[in-house]
Structure formats: C-alpha cells, structure tokens
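J.: Okay, predicted coordinates and the sequence, questions at the end:
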Number of protein chains: 2
Amino acid sequence: MIQRLKGTRDFSPEEMSKRRRLESILREISLRYGFREIQTPVIESSELFVLKSGPGILEEMYVFKDKGGREIALRPELTAPIIRFFVNELSNYPLPLKVFCISPVFRYEEPQSGRYREFVQYDVETIGAETPEADAELLILASDICSKAGLKNIRIRIGHVGIIREKLDEAGVPAERQSEFLHLMDRKKQDEASKFLTDLGIARDVADSIVGVCQISGGAGVLDSLKGERADYMKKVISILKSSGNRFFQVDMGVVRGLDYYTGVVFEIDAPDLGAEKQICGGGSYSLSRLFGGTYVPSTGFAFGFDRLLIAMEKAGWKAEKEHIDAFVLAVSAGESGKMMEIAAMLRDNGIITEADLMGRNISKGLKYAAARNASFAVIVGSKEMAAGKVTLRNMKSGKQVETETSLLPELIKKGGK
Amino acid sequence: MIQRLKGTRDFSPEEMSKRRRLESILREISLRYGFREIQTPVIESSELFVLKSGPGILEEMYVFKDKGGREIALRPELTAPIIRFFVNELSNYPLPLKVFCISPVFRYEEPQSGRYREFVQYDVETIGAETPEADAELLILASDICSKAGLKNIRIRIGHVGIIREKLDEAGVPAERQSEFLHLMDRKKQDEASKFLTDLGIARDVADSIVGVCQISGGAGVLDSLKGERADYMKKVISILKSSGNRFFQVDMGVVRGLDYYTGVVFEIDAPDLGAEKQICGGGSYSLSRLFGGTYVPSTGFAFGFDRLLIAMEKAGWKAEKEHIDAFVLAVSAGESGKMMEIAAMLRDNGIITEADLMGRNISKGLKYAAARNASFAVIVGSKEMAAGKVTLRNMKSGKQVETETSLLPELIKKGGK
C-alpha cells in the first residue's frame, strides 16, 4: 500500500466539515473587521525566507532546485509572502492595507503530537499602520476569535520588544548582539541572559534591571514604572484593550518572540488546556518591506495555528453538526431508475440535499444505506405508484410511510426535516 | 525585488472574493448531490503518480528528495491521492463513497495563457459504483455546475473507451498496444491511427470500421448501430441524461482521454468561448484502487479546472459584487480614539462590517479613505458630541449627516445600507 508522507494528513468528510466550519468563522470575523482575503502561492524562492529569518531557516524548510535550477521552498509561513506580494503589486492600495489568509504551510521538522509537516495557518496583517490603535485592533480581533471559538480559558500575553531593545541600546549592547539576549529571554533563561550581559562588560545592576524589565507582568498598572515614548505607546495599547472589556489580556514584558524582525508590540496567546503545545497564536509589529526591495512600511500581524485552534475548540466542548442528507431516492426495480434520477434532480433543484441509489439496491438494503447516511427521508419509486403519479415517502426517524404525489415531495421533505 | 516564481500567482482581495464565491457555488452544489468534502496533502510520494500515469509523469511534476531521501512530488492532480486515501482509510465507508475536493495542484510545464504551474482543481469522485446511474449523476452534476455558473454555450462530449477497446480486442490488437491507438485518436489523427492498425496486420476494412466507431457523434440515435453490453450501458447513460432535459450533452465516441486508466464512459466539457484552452472539465470511469494496494473498486469522477471555469464565467457576464464595508469610524482628534475603537467593536458585535481609522487621519482624509473602501457610512466621533453621548453619522452616498445617539447606530446603519 502506498502511504501518505510522514507528518502529513488526510481529512475525512467528518473532519473536513469541522475544518470548513472553523474557516467560515475565521473568514466571517476577519471580513467584519474590514480585513480582506488574499492568497499567495505554495511555492516561493527560498531566498524570500532566508532574507526574513536568516540561513538557519533552510534547515527547517522543504527546499529543492527545480528543473530550471531555481532554489524553491514550500512556504514555512505566510507573512513573508504577503509582504512580498504587497511590495510587488499592492503598494498602491490606500493604507493601511488590512489582509488575511488561510493557507497550508510546510516545516521540515520531526512530527510529534500537534506538530505536522504540512499544516494550516490563519494569518492576519495590517500593513502601513504604526499606531496603538492598529496593534490594539489586532489584539481585539485575536481575542474575539478565541471567544467566538468558544475558548474560555486563554491568556493573551503582551510585551514590547522595542522597549527592551531601547534598554539594551542605553546599556551599550551592540545591535548585532541584542538578538542573543532576546533569544535567551524567549526561552526564559534569565540567569544565562544576565550572565550574557555582564560578560559583555555591563554592570551587574544594569544587567539586573534589564532582566527585571523583561519580568514585568500583570495588569495595566505594572507599566507605571516604565517611561518614554515606547512605554507611552504600550500604555495606550493596553488602555484601549482595557476599555474593550476583555478579560484575557495581561502585560508580559518577557514576551520577546524568537524572531529578529519584530520591532514593537509583540504577543502570544496560550490555551493552557492544550498542554505542552499550548501556544495557539503569536504576532507583533515589524517591518519587512524594505528587506524585500520596497520602501519602509511598518506592519503588524499575527498567525494562528489552525489545527491547534481546532483542538482547543474541541476541548472547550465545540461539536460539529453530524453529517446528514435530506432525502435518499431509490427505485423498486431497474425499470424505475430513470424516474428515480428525475426525482432526485427535481429535489436538488428545490435545494434539498439528495442522494439517489446508484447501486441498484433492493428496498431493504437501500433503507440501510439511507440510515447510514443519516437521511431524514427515503423516497421509494415503484412501478405501481408511478403509474398513478405517486411515490412512497418514508420518514427515516419514525418509520412512517405515506403515498404522495411527486410534486408535493419538496414541501413535505422541507417541513418534515425541521 | 523578490518576485514570485514563474507560473505562480498572487490573488488580490478583489480576485480572492471572486474565487471564494465560485468555491462556495461548487461546494454548495456538490453537497446538495450528497458528495462529501475531503482533503489530502499537497505533498505525496512521487511513486503514487508514477503508478497511475507511468514514469513519463516525472517530467511534468515538481519532484525532489527530502532530507530523509524520500522521493516527493507536489501533487499534479487529485484523483490518485483521493483513491490512495480511500484504500488506506476510507474503505469501510458504505459504498458508493461520493467525495469532492477543491485544492491546489502543480505541474512543471511551460506557463502560457490559461496554464499555470500552480493552479486549482475541483475534483469529484464516486467510488464503488459501476452503474449507468453513477456515470449519469456525475454528468448531470457537471452540467448543473456549468448552468449555475451561468455558462450558456458549452458542449459535453461523451464517449466510451471500453467499447473501443472491445473492438480492438476483437481485431486482435494486443492490450499493451491499444493505448498507442487511443493516443492517436485522442489527438484526432485518424489517418495515423488507421495506419497504426494496418501496420499491425489488421485488414483495411476492420481498421476503417474501428476508426469509424471513434467518429460516431451526435444525438442519442447515433448509438443504434452499436451492439453489446457496453453499448447498452452507454445507451442507458444517454437515456438518463435525455430525460434530465439537458441540452448540452452529445455523443462523441472520439473522446478517449489521454490517460490509460479509463475503462468505460469518458467525457470532456468545452467552453468554446475560451479559444485554444477551451476544455474546462474531463472525466470518466476507471479503477485505481488495486494498483495502490487495495481490492478492485470501480470508480467514476471528473475534474474541473477552477481557473478556466472562472474565466468562462466572466466571459459569460458573471460579475462579482464590489468589495464594500458598512461603516468607517473616525475620531476628530487623538483624545477620542479610545471611544472610536469602542464604537467599532460595538458595531462589529452587531454584525456590521466596520473599519476604524488606524492612522490618526483628519476628517477630510478619513472620508477620502472611507470612499476608497466603498463604505456606506462614516461615523465621526468628536469630543463635543461625545459629551452629549452622540456621534455624527454620514451617509457616504448622499453626503447627508445626522447627529445620533451611539446606541442607535446599528439600526440606522443596517436600515440605510439597504
């Protein structure tokens, strides 16, 4: 047997109906906030991702040379392609350009529970705005999505990597070494982070105070000790969130994200019910457009892991509707199969979800199939009834059968399905 | 500037909204026929496609070795992955298993007008039925899709490759040489096809009669000259189609499809308005499950080229709705931006598509942006009005402005948007 590749998945009808339902929720909410759907290709030049994330990304991607010798990558994320698209073709749109995308991405890493090599991201970007309102709007949208998804137990932790970088600048940490410190903080290695600073010749108390800023967390009040333009920006974001009445937000200056390109407000959303793989969303403000050959355009965005969000929803008690059909039409004998197909077509024209028997089944087997498909009604087409312009309509739940004119079927089925 | 790869496309908000609209149409109709959506991965073992289509397919696919040395392909079509999925995991479902899939596929070929390296297929398969009803249902579905898509000028040409193979068997053409004949007929090279047969030692009149069968085309009556089980099957399919009242169907025994795995009824749909790339759909009955390690399961299916269908719809006059938002909320000065965000949130909670000003624009620039976004209303939040619990509501079409209580906004906007 040919198997699917490790780390990839097939989705059954039941799974797909759940996935499409979540996709509709995400699309509807995004559109309601004025975000507009776009799409970029699955394959891109690998250079695009190296520019954004450094050559280390090559180890984590599916990369290959095509027959023309081009270095191609299966995209590992959606932000870089979206900004490439913006720089190439969308830069004449009025700003901010608010967009979203729900698409498959690929990572070449060891598959484990909740981690796949091919998975879906829901990505949202506000391109061209650098205001507390833009950051706050994204955070409110992310929180709204969690609410609409039925998640009751999440944490939205918000930091500001610009404030930390400013402290590092003041202490004299060279720009090109700052990421090392941030990566240590991202992995919660405070002692190593502090040692990293003192090893650079920074005074112990200064190092401690920088690490201390990263440890600030709690309600809006914890920001009082921070001064300056960036701190005021952060306070404004938190104040807008506070007046939105949302309970999920908390300040956590330790959120610095693992990636170098973030510049300002950054955030992560955890669904603690998920255990080790609890982070369902991450994002923040950045600028990539200049790197890709455009002018400077500040942006802010986030990505949800679609699969983790789905798992979190199911843990929170969300259930998809059971698959069903409205009517199953079957013929008593081969002579009525033409009529059976006609009736099925007529029911479908009336918006009724209908299957016809394609296997020449007898009535007993046909009714068994109808039950397996969770049909509300079976329509039985026999020659005797047909001669009188009638068919038998069977309510699959009650088992009651009536003879009826064919033309009355749509009404009876619509009424009875309620 | 980093460019997207040759043969791939980015889709703008305007384009995506059309594509999602077509996707909804396809999904809704498929579900109404009792087809169920499934999904398979973008990446598969290249072996899967070689088994189905022969080693020649390697030239036309994106293939590469992953870091574990596995031979990987970006799927060039959806039928093989769907049948692999069926054999691996779905074979316990009651038959027929009727499924569909709307997904990206990849071909490594020279891009040209209407042909891309990454494109979308809408694929439908009825797995486990080998009856005229099953073939007819698919043909009626395909025709229904064209109608719902507004196409008025299409041709559905239906053949039966099993009838031709039977004639070749009777003439003594070895099974392994029959494909060569069919490929010639597929490319309408009747003279070469005839010569191919006589070169094999087949009498001129027998060769002519086989080529003659391939040239049968027209209404149901043209099948009268054909005898046997397969011919009766084909006649039954055509008779069901005829009673469905559809005008698009025609018999064309010259439709033999380019691929070896078809066994029975085969068909192609042309939209002649599209010129050279006029074929929008192709399909037929086949069996692949045994090849992939399962038991023998007859299937029948088709695939539409999503992009060509979209182009055909637009040529037929289909227009997507213009993008719009219901309300654009802006603050007269920075002091009201918190209130502006609150009002935007309240409107969104009421199902109103709302953007807030994220750029700190003045009123004149804000209204210009609102017009560019095709907003029905602008909501202007000023400190004086705010003190009285009011805001200004501007109808963007008429330019009329009223002062109103904030709480009345949802009703006024919903009414006025009609």
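T.: Cool, got the structure. Numbers count the residues shown, from 1 in each chain, chains lettered A, B, ... in the order given.
J.: CA atoms for contacts and neighbours, from now on please.
T.: Will do.
J.: now the strands: where do they sit in the stretch 1-150 of chain A?
T.: A:36-37, A:43-45, A:63-65, A:71-74, A:97-106, A:118-127 (DSSP state E, counting those that start in this stretch).
J.: Quick one: name the residues of the stretch 51-200 of chain A near chain B.
T.: Neighbours of chain B within the stretch 51-200 of chain A, by C-alpha under 8 Å from any C-alpha of the partner chain: A:62-66, A:84-85, A:87-88, A:90, A:94, A:96, A:99, A:118, A:129-131, A:133-134, A:137.
J.: Quick one: buried ones out of these?
T.: Buried members of these, counted by 16 or more other C-alpha atoms under 10 Å in any protein chain shown: A:62-64, A:84-85, A:87-88, A:96, A:99, A:118, A:129-131, A:133-134, A:137.
J.: In chain A, where is pLDDT below threshold?
T.: Where chain A drops to pLDDT under 70, the residues are A:258, A:417-418.
J.: per-domain residue ranges of it.
T.: Domain assignment for chain A by automatic domain parsing gives A:13-315, A:325-416.
J.: can you redo those domains as JSON lines with distance to B:Arg361?
T.: Shown next, in JSON lines, are the domains of chain A (distance: least, C-alpha to C-alpha, whole Å):
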{"stretch": "domain A:13-315", "distance to B:Arg361": "11"}
{"stretch": "domain A:325-416", "distance to B:Arg361": "48"}
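J.: Quick one: closest of the strands of the stretch 1-150 of chain A to A:Glu403.
T.: Of all these, it is strand A:97-106 that lies closest to A:Glu403, at 48.4 Å by C-alpha to C-alpha.
J.: Which among the strands of the stretch 1-150 of chain A is found nearest to B:Leu412?
T.: Judged by C-alpha to C-alpha, the one of the strands of the stretch 1-150 of chain A that comes nearest to B:Leu412 is strand A:36-37, at 24.6 Å.
J.: Okay, now the sheet partners of that closest one, with direction.
T.: Here strand A:36-37 is paired, per DSSP bridges, with strand A:97-106 (parallel).
J.: coming back round to it: could the strands of the stretch 1-150 of chain A be laid out in TSV, adding distance to A:Lys414?
T.: Output for these, formatted as TSV (distance: least, C-alpha to C-alpha, whole Å):
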stretch	distance to A:Lys414
strand A:36-37	35
strand A:43-45	46
strand A:63-65	53
strand A:71-74	47
strand A:97-106	34
strand A:118-127	36
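J.: Which of those strands sits closest to B:Cys146?
T.: Among the strands of the stretch 1-150 of chain A, strand A:36-37 comes nearest to B:Cys146, with 25.6 Å by C-alpha to C-alpha.
J.: residues in contact with that closest one?
T.: Strand A:36-37 is contacted from outside by A:27, A:30-31, A:98-101, B:12-13, B:16-17, using C-alpha atoms under 8 Å, 6 or more residues apart in numbering or on different chains.
J.: do that again at 7 Å, thanks
T.: If you take C-alpha atoms under 7 Å, 6 or more residues apart in numbering or on different chains as the criterion, strand A:36-37 is touched by A:98-101, B:13, B:16.
J.: Same check on stretch A:287-306?
T.: Identification of contacts with stretch A:287-306 by C-alpha under 7 Å, 6+ apart yields A:83-84, A:87, A:120-130, A:135, A:261, A:280-286, B:1-2.
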